[in-house]
Each structure stands twice: as structure tokens, then as C-alpha cells.
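turn this into a structure:
(2 chains)
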Amino acid sequence: MKRFTKAALPFALVAALALAGCSTDTSDTAKAEGSSDELSGTITLYTSEPQEKIDEIIADFTSEHPEVTVETFRAGTGELTARIATEQETGELQADVLLAADVPTFEAYVEDDVLAPLEVDNAAELEDTYVDPEGYWVGTRVIPTVLAYNTNIMDTPPESWQEMTDEEYEGQISMPNPDVSGAAAFNAAVWLDDEKLGEPWLEDLLANNPTILESNGPVGQAVADGTTGVGVVVDYLARELNEQGSPIDLVYPSDGAPYVSQPAGIFSDAENPEVANAFIDYLISEEGQTTAVEQSYLPVRSDVGVPEGAPSMDELELLDPDLDHIADIQSESVDHFNSLLD
Amino acid sequence: MIDTKPTPGEVASETSNPVIPASVSPTPTPRWHQRINGTDGLRLLRVAVLLGLAGVVVVPIVATIVMGSRADFAVLLTDPAVYDATRNSLVSSAVSALAATALGVGFAVVFERFRFSGQNLLRWFLLIPFLIPPFIGAMSWMALLGVNGPANQLLSQLGIDHTFSIFGGTGVIFLLTIHSYPIAYLVISAAIRQVPGNLEEAARMSGASNWTVLRTVTLPLIRPGMTAAFMLTFVSSLSDFGIPALIGLPERYTTLTTLVYRQLSSPSSSNPLPEVSAISMVLMAVALVALLAQRGRAQSTQIIASASTRHYQTGVLGFVAMVLTWLWVIVVSILPLLALASQALLPAPGVPLTLENITLDNIITAVTSPTAVTGIQNSVMLAAGAAVITAILGLGVALLLARSNHPVNPSIDVVANLPQALPGLVIAVGWLLVAPALGIFNTPVVILVAYVMAFLALVVQQLRGPLASVSATLEEAATISGASRLRAIIGVTGRIVAPVVVTGAVMVFLTAVRELTISILLVAPGSQTLGVAIFNLQQAGNYNAASALALIVAIVGIAGLSITAAVTSKRQGK
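Reported below is the predicted structural model:
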């Protein structure tokens, strides 16, 4: 017995080594095969998406690319752009991908020459309005600002922006702060630029003493819990609260809803442009857009339907101003808006 | 510290009579010091502590002053936004500190001069607002006093046509008061316990009524305690961020802390750092004045340090006091937390609170969502790191102060305790300035060092009493047996005070783990703390999810701090 053991030992060792060799071999080849099309590495995403939504999107994306990590920093658009400016000044920019706000914000970055051209296949599937002709950004969801109302308080909801200046809504309106919310800043410019609405309308609206809340989220809350009867708020929030059982419903204003397309872009010093491009490509892929619809967003693709209860995309009355012009007037429009409040 | 120093008289008597061995005295004597200063067994420790303090405390303060002096003060002083914010900060802090001090006096009298059953439980309820972070308190009150919240619904059911709103300046002052009266109560009840009972007794025997005794004997004697309580609560209200951010901003009521936050996080302002540093300097100056005023007062009060006989009164007055105090804690400590809990248990705003609507979804999401998990991980790691570092550095500081008499000691004392008087905002801005040069900008490290700076004094102050009471003769015995001075201190005294160091570290941990003001200004991708996660959820309008996470933090915090306090008082009781 003892002899056998001794004799067997070298064989056992050889066998063990061979096995070990085999196993490392297989794992190596697996890796080698994977690395040809499997992405890996970390990207940092700055976004104004609601936290739980972006968490879900990233979970979906990384389940397809398990070697990828997406670090997120979520804040209002205002805070994001402030942070990007500080980082550009004091140190290195942390963000690789920006997913936020509106086209004018991105056009400003294009002008500053800090974005890299995108390489995303799915851009071809989208409507032209949602894709930058120069290829620096691509819209990811259509977010119109609408009229939301509390169904316990309002019997007949307002149907248009024009109606919101009626006296009956005095003290009943809440809306987001354009200093914090990118969509609100964009809206201020679009309203002021609109031929039918313009400055007289905005003056009348603000004369109705709206409550200016920090961002769209609190506006949705205020309408849902009845703090204000009507809110000027992005459509998906009202739709979601309605689904969860809050006494809230929404109206797409008959005189046209301003909308942002929550564009995505990549900063030119991104360390991992391959992963960054793959992430943005995923956002506008059929799968990514299906998730967007499930998250109550109107999609930028026509092949994924719309959220339950939402009008179809061609029924929507959207305001489509010249975005270059909006980019020019956005910051003065925000100042104008704020000065009317004082 | 002052009473451990030998008086000049002692020095003279000792030099004239060298026969008396130095080791008889439990406190270090001049001969000891000569020896320390000669070979200095503590030099290594002293150098390490000085370097640590310079890095963690002095550098960010100096950076703030340098950057702040670059600001255009003419522009700053005439900026109406700065003027409004300064006025709002000073008014809200002063008014709330006054109210908190008044409440502190009232409750101290109730608890120190009346005896009734359930006193300890009632005192614990009274202290609850102190055990939960102010921003979570603000969230609870928002839930309670929402326009369609439970309080206003009750009012309208009673047919009262008035809607309470928590938002705005009055709400800020009210909530600052709620969150600072427990500190005032603790300080004042300590003072009232020092009032000699026989003085009150004498007044009463001379025919004075209870009210006259209170007014003419007790209150004048605790006036220094009242001043200390006022200053402490004034500074802590001045530095609060959560309450003015959640309660003040929706009504455009800006304070200095929210102004700085706005300037750092809004895209319109060009390089905001000089202006922000200048505001930070102003806050630093106000805090320093308050600190000095309080220290000066505290020293002049030491005459009252005689034993007191507690004088109990029962009867109708005691019963009324008890009932009023219970009503107070129900409204202030219990109802807001219940409102927070009900918000945490409802799926969406505006859904009526009925049994079938209640769901645990928010709570489950609160502890499983990636944001919450990352926040909890970050906060636990950072708070644990801060606890360990403050424990080591704090022990070093306390040992040097208690066991040596080096000329640099007073500076160590001031520098180690100074940050506690500084608003968290000042600390955060200091690190915001220093971080890029150190290469720690946008990393969790910068939050860690800021926590260390902010909470170091917690450990140092915990250690002060116990270290003074441990006799130095034991250490001396160890030195005589051949141990080095440092080794003797660590081996002998260090071992005895170790439990106190642990308590201090636990307090730092429990304070840092739910910190908001510093974290929100220094947060970076990947380093969002728990407090920031909750604040962001609330700001984004997801009240139900935010409430769920806040409720957990509140419960864990109340439990953790109560247990720590119980353990500490048990140990002190021995």
C-alpha cells in the first residue's frame, strides 16, 4: 500500500499539474475569445435621469456586458453643468458620458470643442430631429412639458398654456425652477420665443403667483398630494404617479408642448470611448428604448410603441423652435424669468 | 487644564524644599517637566500630533483665509443676495437659540425640580430630536405639515379654516429650535444641578414662594449655563444646512449655508470659490466670537462648583408639568416620526392612508436599490475611517495635554477643539480649496479628512476628564521599571482609557454616518454618502422612497446613540 502511494505520487502530481494547466488554458482562451467583442472597463456617467431609472438602465446594460462598470453621478442639469465647469477649471473632468437636458446645453459643449463625435450604429434608426447632424449628440427620449392636475381638486383641467393665465388658477400652479432644472430653463426660452405665447403670456402666468419648486419631481409631488391643483411638469412623472395610484392626470397643451430630448454625448478626453459609445448605442437601441417606454418615457424610435395612456407620437402637438436660436437666448431667458418673479 | 498646572507658589516651595519627591503629586510637577523637556520622551508623539493637526485642521483654514481675502469685498457686501442670506442666518440662528434656551430652562426645571413617574422615559423622548439628523427632522415635519398632510386634514375636519405651512422663514426658525433645544436642556440641567440646594432652601424658609425662589435664586445662578446653551445652539443653527435647504429654499428664504450650496451648484456664477471662501470666513469669525464668549463665561462660573441637594416638589404643579411635557414630546418627537413612517409606507403621494394601501415596497427598495447600497457602503466606510483616525489622533492630543506641560500645548488645545465650533460648511469649503493641490479632489478621501477635522474634538473632549483622573504615578512606576515615557503612557494609561476612546470613536461613527452638510459639498461620482442619497431623493421629489431610507436612518441612529449613551453613563456610574 505504502509503495503504491509512493509510486503513484509522481503520476498524481503530473495529473494535477496537467489539470491545472488545462484549466488555466481554457480560461485564457475564453478571455482571449471574449476580449475581441466583449467590452470591459469603467465609465463615469453624469446624468439628470431619476436615480431609480438610471440604476435600472445600467443594470440592463451591464448584464449584457458584465466586465463593464458604469459609475453614475446624478444631479439636476444646473448642478451637472456647474460641476463640469469646476472640474474643467480645477482638475480633470470626471465625466465620460453626459446624459441630460436639452440640445442647447449640448450645442454649447460642441462649440467649446469638448465633445467627441459619436460612433453609434442605432443613430440611423432615429428620426432626424433627435440626431445631431454633426454627430456629437443623440436624443434618447422625448420629454414634453405638460399640464398635470389633481383629479380631486380640479373638475375641469386647463387645456392650454393660454388658459393657465386665467384668474381661477391664481395660487394653484406649481412649476420647476429654471436655475435647477434643465427642462425648465429650456422651456423658459421656448415660451419667450413663441409667437403666440411670448413675454406677455409669461408675465400673465407669473402674475398668477405660481409656486416655484426646485425641480420637476417636487412639482409632481405637489400636484399629486394636492398642495397645488395644477403643475407645469414633464409628462412621464405625471404618468408614473397616476399609475402608482396618485390622484393626478395630465393634459398635453393644445397650443403645443415644449420638449427636450435628453441627449447623450461623450467628452473628448473620455478614457474608454469604446464603452461610452456602446452605452449610448444601447440607450437608443430597440431594447434600450423598450426600457424607456416601460419607464413611462416617450421614445425616440418609432418601433417600440408608446407608454400606456400616452398619445401616439404623430398625434402629439409639440413646439419645434429653431434650437440654435434657443441656445442663444436660453441664459437670458432664465434671467428674464427670474426677474419677473422678483 | 488650568487646574492641573502647578501654581507659581508650588514651584517656589518645591525648589526651596527639594526633599519632597516629585512623584507624590498625581499631577505632573516641574521636575517632571524638566526631565521631559530635556530628553522629552514625548517628542515623537508631539511631532506626530502637530503634523496631524496641521494637515487636518490648519491647512484648510489657512487656504480659506487666503482665498477669501481675494474676494472683492466691496461687491460682496453690496450684493443683496449675500445681505439677505446673512440677515436670515443671523436672525434664524439667534431667534431659534433664544427659544431653545428658554425651552431648555423650562425642561431643566421640570426634570431637576419635580419628581414624577416615567421621568427617564420622558427625558429620552425629549432628547429624540437631538438623536436624528436635522434634515431628516425637516423631512418628517414636511410629511406632518404638508398642505394636505395629516395635521391640516385634522384642522379642516375640525372645521378650522387655516392651513399650516412649514415652508419659509418661520418654519426654519421653528425647526432649528426643535433640533437645538435638547442641547440647551442638557447644558442647563447640568448647570442647575450645580446650584446649591441650601440657597434655595434658605430663600424658601424666609418665606419666598417657589416662583420667587426660581426667579431670584436659581435663574441668576444658572445664567452662565444659559449663555453657554445660547452660544452652542446659535453656532449649531448657524451651520445647519438640511433645515434651511428643505424648508427655506422653496419659499426663497436663503441662509448663508444654502447660498454657498447654490453658488457651488448653479451654472450661472463664474468661479465662485473666492466669494464662497469669503462667506466662509464670515461664518468662521462669527463662530469664533461665539466660542470665545462662551469660554470666557464658562471660566467665570466655576465658583458654583459646590454640592447640591436636589429639591423635589410634587403635587398639582408637578402633575401639570408632567402632562405638558408629555404633550410636548408627543407633538415634537413622536408625531413627525409617525408622519415620516406613514409616508414611507405609502406607494405614492396623495394615496390615502388605509390598511390596504400600506406597502413595504419603499422600505425594501430603500435598502436594496444600488443608490442606497452604495450610499450605505460609502457612509459606513467613511465614518469607520473617520472614527479610527479621530480615535488615534484624539488620543494623542489628549495625552499630550494631560501628561505634559509643553509651551505648544495651548495651541494644540485650541487647534484640536476649534473645528467643532466651525460650521460644517466652513470645513467643506476649506477642503474644497485644498483638495485639488493634494490630488484628492473628487475622491472619497477628501470627505474622510473633512470628517476627521469636524469630529476630532468629540474624542478629545471625551478623554479629557478620564485622563485627568488617571494618576500619573502608575506611568512613572513603569518608567522607573525601564519603559520609555511614551511606552509607559500607552501601556499604562492608554489601556485604562481605551474604553473611553472606543466610546468616542463610536460617537464619531454615529455622527459621521448620517452627515449631510460636508458630504453634499464634497460629494463626487462614486462617493455619494447616505445623507446625500436621501437628500437627493427628497430633492428629486421621490418623497416616499426618501422617507423610507430616512426612517431607517432615524431608527438606527436613535437606537445606536441611546445605547452608547447608556453604556457611557453606566461606566461613569461605576
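
the residue of chain B found nearest chain A: how many residues sit nearby?
For chain B, the nearest residue to chain A under the criterion C-beta to the nearest C-beta is residue B:541, separated by 2.1 Å. No exception for glycine: its C-beta is placed from N, CA and C like everyone else's. Look at residue B:541: counted by other C-beta atoms under 10 Å in any protein chain shown, it has 26 neighbours.

not counting sequence-adjacent ones, nearest residue to it?
Closest residue to residue B:541 in three dimensions, ignoring its sequence neighbours and counting by C-beta to C-beta, 6 or more residues apart in numbering or on different chains: residue A:217, at 2.1 Å.

swap in residue B:321?
What sits nearest to residue B:321 in space, not counting adjacent residues and going by C-beta to C-beta, 6+ apart, is residue B:110, at 4.6 Å.

wait, isn't that neighbour in contact with residue B:326?
No: applying C-beta atoms under 8 Å, one finds residue B:110 not in contact with residue B:326, separated by 10.8 Å.

mind checking which of the two has more residues around it?
Neighbours were counted for residue B:110 and for residue B:326 using other C-beta under 10 Å; residue B:110 has more, 24 against 17.

contacts only, for that one.
With contacts defined as C-beta atoms under 8 Å, 6 or more residues apart in numbering or on different chains, residue B:110 is in contact with B:321-322, B:325.

quick one: contacts for the one residue in the stretch 201-342 of chain A that gets nearest to chain B?
Ranked by C-beta to the nearest C-beta, the top residue of the stretch 201-342 of chain A for proximity to chain B is residue A:217, at 2.1 Å. Residue A:217 makes contact with A:50, A:237, B:539-542, according to C-beta under 8 Å, 6+ apart.

burial of the closest residue in space to residue B:222 that isn't next to it in sequence, as a residue count?
The shortest distance from residue B:222 to any residue that is not its chain neighbour, by C-beta to C-beta, 6+ apart, is 4.3 Å, and that residue is residue B:191. Residues lying near residue B:191 (other C-beta under 10 Å) number 25.

ditto for the one 10 residues further on
One way to gauge burial is a neighbour count; for residue B:201, by other C-beta under 10 Å, it gives 14.

try residue B:73
By other C-beta under 10 Å, 13 other residues sit near residue B:73.

so what's it up against?
Contacts here follow C-beta under 8 Å, 6+ apart; on that basis residue B:73 touches residue B:278.

residues in contact with the residue lying closest to residue B:403 once chain neighbours are set aside?
Beyond its immediate neighbours in the sequence, the residue positioned closest to residue B:403 (C-beta to C-beta, 6+ apart) is residue B:489, lying 6.0 Å away. For residue B:489, the contact set (C-beta under 8 Å, 6+ apart) comprises B:42, B:399, B:403, B:475.

state the pair within those that is farthest apart.
Pairwise distances across these peak at 11.2 Å for B:42 and B:475 (criterion: C-beta to C-beta).

hey, what's in contact with both of the two?
Shared contacts of residue B:42 and residue B:475, counting by C-beta under 8 Å, 6+ apart, come down to B:403, B:485, B:489.

enumerate the residues of the stretch 101-250 of chain A near chain B.
Of all the residues in the stretch 101-250 of chain A, those in contact range of chain B (C-beta under 8 Å from any C-beta of the partner chain) are A:150, A:152, A:179-180, A:211-221, A:224-227, A:237, A:241, A:244-248.

quick one, which of these are buried?
For these, a burial check counting by 16 or more other C-beta atoms under 10 Å in any protein chain shown picks out A:150, A:179-180, A:211-221, A:224-227, A:237, A:241, A:244-248.

so which of those are in helices?
With DSSP state H as the criterion, helices contain A:216-221, A:224, A:237, A:241 from among those.

could you dump those into CSV and include pLDDT and distance to residue B:156?
What follows is those, written out as CSV (pLDDT from 0 to 100; distance: C-beta to C-beta, whole Å):
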residue, pLDDT, distance to residue B:156
A:216, 92, 28
A:217, 90, 26
A:218, 90, 23
A:219, 93, 23
A:220, 94, 23
A:221, 91, 20
A:224, 93, 19
A:237, 94, 27
A:241, 94, 23
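
relative to residue B:117, which of those residues is nearest.
Closest to residue B:117 out of these is residue A:221 (43.3 Å), distances taken as C-beta to C-beta.

contacts for stretch B:373-386 next, please.
Outside stretch B:373-386, the residues within contact range by C-beta under 8 Å, 6+ apart are B:367, B:444, B:447-448, B:451-452, B:455, B:508-515, B:526-534.

now swap in stretch B:184-191 and tell me
In this structure, residues lying in contact with stretch B:184-191 by C-beta under 8 Å, 6+ apart are B:97, B:100-101, B:103-105, B:107-108, B:111-112, B:126-127, B:221-222, B:224-226, B:228-230, B:232-233, B:301, B:304.

how about the residues of chain B near chain A?
In this structure, chain B approaches chain A at residues B:146-149, B:249-250, B:252, B:262, B:264-269, B:271, B:347-351, B:357, B:365, B:369-371, B:436, B:441-442, B:524-526, B:528, B:536-537, B:539-543, B:545, judged by C-beta under 8 Å from any C-beta.

pull out the buried members of those residues.
When the residues of chain B next to chain A are checked for burial by 16+ other C-beta under 10 Å, the buried set is B:146-149, B:249-250, B:262, B:264-267, B:348-351, B:365, B:369, B:371, B:436, B:441-442, B:524-526, B:528, B:536-537, B:539-543, B:545.

helices - which of those land there?
Assigned to helices by DSSP H, the following of these qualify: B:262, B:264-265, B:365, B:371, B:436, B:536-537, B:539, B:543, B:545.

who's in contact with residue 262?
Just going to use chain A. Residue A:262 makes contact with A:48-49, A:99-102, A:139-141, A:143 under the criterion C-beta under 8 Å, 6+ apart.

other chain: chain B
With C-beta under 8 Å, 6+ apart, residue B:262 has these contacts: A:179, B:254.

would you mind measuring from it to residue B:283?
Distance of residue B:262 to residue B:283, computed by C-beta to C-beta, to the nearest Å: 15 Å.

and if you look at residue B:82?
12 Å.

so for the two, which residue has more residues nearby?
Here residue B:82 and residue B:283 are set side by side on neighbour count (other C-beta under 10 Å), and the busier one is residue B:283, at 23 against 20.

so that one sits against residue B:241, correct?
No: when contacts are counted by C-beta under 8 Å, residue B:283 is not listed as touching residue B:241 (11.7 Å).

so what does the helix or strand hosting residue A:57 touch, helix or strand wise?
Secondary-structure assignment from DSSP states H and E places residue A:57 in helix A:51-64. Secondary structure elements in contact with helix A:51-64, counted by 3 or more C-beta pairs under 8 Å, 6 or more residues apart in numbering or on different chains; DSSP states H and E, are strand A:41-47, strand A:68-74, helix A:273-283, helix A:286-294, helix B:370-403.
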